[in-house]
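# Okay, sequence plus prediction incoming.
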Amino acid sequence: MTDQQGIESGALDWIISLRDKLVILEGWLFTPRRISLYAAGAIAAYTTGLVARWSLHTWLFFADGKQTCNDFVYHWVSGVLAGSGDRALVYDFPTFSAARAALGGGDACLAPVLNQFVYPPIVLFFTYPLGLMPYITGFAAWMVVTLLLYLVAIYLIVPRPIAIFVALSPFPVFFNIFLGQNGFLLAGLMGVSLVCMERRPRLSGLLLGLLTFKPQIGILFPFALLVSRKWGVLVSAVATSAVLIVVSAVVFGYQGWLTFMHVLVDRGPTLSPISPISMRLESVYGFFLLAGMSPPIAWAIQLAVAGAVAAVVCWIWAKPLLHSLKAAALCSAAALATPYVHGHDLCVLAIAVAFLVKDGFERGFLPGDRLIMLFSWIVIFLGFRDFSLGWIACLALLALVVRRRRRCQRLGLRHPLPINVSPPEIE
């Protein structure tokens, strides 16, 4: 044996040894009991945080009884104005600002960006009922209904009770509840749509049409549907979107669409509708902008990443592959391709992980798969404190899909089943 062959043999032995150690470590870390403990610890910490915030009058209500300036006030005011005599006032800046100040404790608010409604009128179909309720009732209804939708999506993907428990542990879940945002609605609609895509394409397309309330998160869906030739889903989604646009223009006034289009293009470097206000974004663009890079360079990097991610999604969706991997790729890439993504939007990553776990249960986990999922959980948790790191978690999960896709390709199987690793351990 030559020296070169000895080096190669030693390197191969080291890689095999590392792989075996990873499998052992994952087998020790990811038992049902330990996973339950991890989730319980996270949920207990979040609950404690919310109770502390409530006690300190920094969540939902100030000490004087006025509503705090969380994001739900923004949605609630839009519902109040949508139910008023002149529904076009939702998009009138002075009216919305004054209504928010009167109904939402506006004097103490430090985020004037929330005084202007910047969603497409489609979202008013969701927020209109909130305006018919008192503030606290509306908040409770909004959280309960959207959280249930999110958990239903998770359970449809991984029908095991522990999946519901674990789905409550990512930090974006706490963040979404604290703000009263729409992350559960986004993740739930996306998850259920992907679950229904194979057997109920029309329902899947209808749910995708509803996702147009946040169009920037769904920019990769048309590409995936086109390359995979899912015409039923695509036609249903386009038809639903068109109906929603027309009906919203009739019900809430066409002026809303004109104002939305104006606000959409008239934004500052941080993509805020009000230029002096800085918005924290969990995208590649937001990361480099926060790091001090000039907006043109940050935009160039974001566009390059978006193009590469779109190519990867098309590569995955164009080939015969189990749907769970395709869905995981699309969920991960959706939040990575857009520059405008916030922390509460990252609830969609729980949907991506659920699909990856489903595939792992069916065919086994590759060494390191579960550690990378845990790494993504930790990165999001730490990133919320100091920096915009959400895009790293998106990239890591997308890389997992690519890795499993390449393994399938090497095995030469059209619909691969066996992947050589540890069997599922969660019952």
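Okay, I see it.

# Pull the contacting residues for the nearest residue to residue 236 once chain neighbours are set aside.
In space, and not counting its chain neighbours, residue 236 is closest to residue 205: 2.5 Å by C-beta to C-beta, 6 or more residues apart in numbering. Quick note: C-beta positions are derived from backbone N, CA and C, even for glycine. Residue 205 makes contact with 193, 232-240, according to C-beta atoms under 8 Å, 6 or more residues apart in numbering.

# One more: residue 128?
Contacts for residue 128 (C-beta under 8 Å, 6+ apart) come out as 79, 82-83.

# now the residues you listed in JSON lines, with distance to residue 57 and secondary structure?
Output for the contacts of residue 128, formatted as JSON lines (distance: C-beta to C-beta, whole Å; DSSP: H, G, I helix; E, B strand; the rest coil):
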{"residue": "79", "distance to residue 57": "24", "secondary structure": "helix"}
{"residue": "82", "distance to residue 57": "29", "secondary structure": "helix"}
{"residue": "83", "distance to residue 57": "29", "secondary structure": "coil"}
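
# Closest to residue 346 out of those?
Of all the contacts of residue 128, residue 346 sits closest to residue 79, with 24.8 Å by C-beta to C-beta.

# And the pLDDT for the residue nearest to that closest one when sequence neighbours are not counted?
Distances taken as C-beta to C-beta, 6+ apart put residue 131 closest to residue 79, at 2.9 Å, once the chain neighbours are dropped. For residue 131, the pLDDT comes out at 88.

# how about the helices in the stretch 51-200 of the chain?
For the stretch 51-200 of the chain, the helices defined by DSSP state H, counting those that start in this stretch occupy 71-82, 93-103, 124-127, 135-157, 161-167, 171-179, 183-196.

# Same check on the stretch 301-427 of the chain?
323-337, 348-363, 369-386, 390-411.

# Now do the buried residues in the third one.
By neighbour count with 16 or more other C-beta atoms under 10 Å, helix 369-386 contains the buried residues 369-370, 372-374, 376-377, 379-381, 383-384.

# For residue 328, which residues are in contact?
Applying C-beta under 8 Å, 6+ apart, the residues near residue 328 are 352-353, 355-356, 359, 397, 400-401.

# one more time with 10 Å
Counting by C-beta atoms under 10 Å, 6 or more residues apart in numbering, residue 328 makes contact with 157, 194, 316, 322, 349, 351-359, 397-398, 400-401, 404.

# From residue 86, how far out is the closest residue to it other than its chain neighbours?
Spatial nearest neighbour of residue 328, excluding adjacent residues (C-beta to C-beta, 6+ apart): residue 355 at 3.8 Å. Plainly put, residue 355 is 44 Å away from residue 86 if you go by C-beta to C-beta, to the nearest Å.

# Which of the two has more residues huddled nearby?
Shown here are residue 355 and residue 86; by other C-beta atoms under 10 Å, residue 355 has more neighbours (27 against 10).

# My guess is the more buried one contacts residue 348. True?
No. Taking contacts as C-beta atoms under 10 Å, residue 355 lies outside contact range of residue 348: 11.0 Å.

# Overlap of the contact sets of the two?
Common neighbours of residue 355 and residue 348, using C-beta under 10 Å, 6+ apart, are 191, 330-332.

# Which one of those residues sits in the busiest neighbourhood?
Counting by other C-beta under 10 Å, top hit in those: residue 332 with 31 neighbours.

# from the contacts of residue 205, which single one is nearest residue 19?
residue 193 (36.1 Å).

# Tell me if I'm right that that closest one and residue 206 touch.
Yes. With contact defined as C-beta under 10 Å, residue 193 counts as touching residue 206 (8.2 Å).

# so what sits against both of these two?
With C-beta under 10 Å, 6+ apart as the test, residue 193 and residue 206 both reach 200, 233, 237.

# Pull up the per-residue confidence for the second one.
Think residue 233. Reading off the model, residue 233 has pLDDT 95.

# Contacts only, for it.
Listed by C-beta under 10 Å, 6+ apart, the contact set of residue 233 reads 193-194, 196-198, 200-208, 221, 224-225.

# For residue 318, give its distance to residue 258.
From residue 318 across to residue 258, the span is 38 Å (C-beta to C-beta).

# Apart from its chain neighbours, what residue comes closest to the spatially most central residue of the chain?
By C-alpha atoms, centre = their mean, the chain has its centre lying nearest to residue 348, at 2.8 Å. Leaving aside its sequence neighbours, residue 348 sits nearest to residue 187 (C-beta to C-beta, 6+ apart; 4.7 Å).
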